[in-house]
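Colleague: Just to be clear, the model below is a prediction. Sequence and coordinates:
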Amino acid sequence: MTYRLTLTWLGLLALTLIGWWLGHQPATNEVQPAWLLWAVLLLSAIKGQWVIDQFMGMKTAPLVFRLAVSGWLLVVLCAIALFL
């Protein structure tokens with residue numbers, strides 16, 4: 001179990017570094033390309049669901065709880081997307 005969590009943590013760290021790297025690309029005329037913003041948002045969605053599944057134990061939880069927590073993640077990400 002510890003090995004799986006360690007790999008999950010390393011994967012989350014790698015996705016975080018990729019998101020940081022993408023977010024710090026030099027902008028042309030102070031405008032970031034739209035695909036870059038959506039890529040970082042997608043990475044955040046993947047990381048959020050990964051945390052929900054692995055560290056919160058929702059992978060084996062009853063479906064109603066898993067849908068509630070994953071739905072909350074979706075609502076938050078959609079709210080962020082509205083302001084992109």
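Modeller: That came through, no problem.

Colleague: In this protein, which residue is most central in space?
Modeller: Geometric centre of the chain, nearest residue: S44, 2.1 Å, by Cα atoms, centre = their mean.

Colleague: How many residues are close by F83?
Modeller: Number of residues near F83 (other Cβ atoms under 10 Å) recorded here: 5. All C-beta spots, glycine's among them, are computed from the backbone N, C-alpha and C.

Colleague: gap between it and L10?
Modeller: Applying Cβ to Cβ, to the nearest Å, the value for F83 to L10 is 31 Å.

Colleague: Return the distance of stretch 42-61 from the chain's centre.
Modeller: 8 Å (Cα atoms, centre = their mean, to the nearest Å).

Colleague: low-confidence ranges in this protein?
Modeller: Applying pLDDT under 70 to the chain picks out residues 1, 27-32.

Colleague: For the residue nearest to the centre of the chain, give me phi and psi.
Modeller: phi -60, psi -40 (degrees, to the nearest 10).

Colleague: which residues touch it?
Modeller: G19, L77, I80 (Cβ atoms under 8 Å, 6 or more residues apart in numbering).

Colleague: Repeat that for W50.
Modeller: So W50 contacts T8, G11, L12 (Cβ under 8 Å, 6+ apart).

Colleague: from these, which would you call buried?
Modeller: L12 (16 or more other Cβ atoms under 10 Å).

Colleague: from the contacts of S44, which is closest to L63?
Modeller: Proximity of those to L63 (Cβ to Cβ) peaks at L77, which lies at 20.5 Å.

Colleague: For the helix or strand hosting the closest one, name the packing helices and strands.
Modeller: Using DSSP states H and E, L77 sits within helix 63-82. Under the contact definition 3 or more Cβ pairs under 8 Å, 6 or more residues apart in numbering; DSSP states H and E, helix 63-82 sits against helix 34-54.
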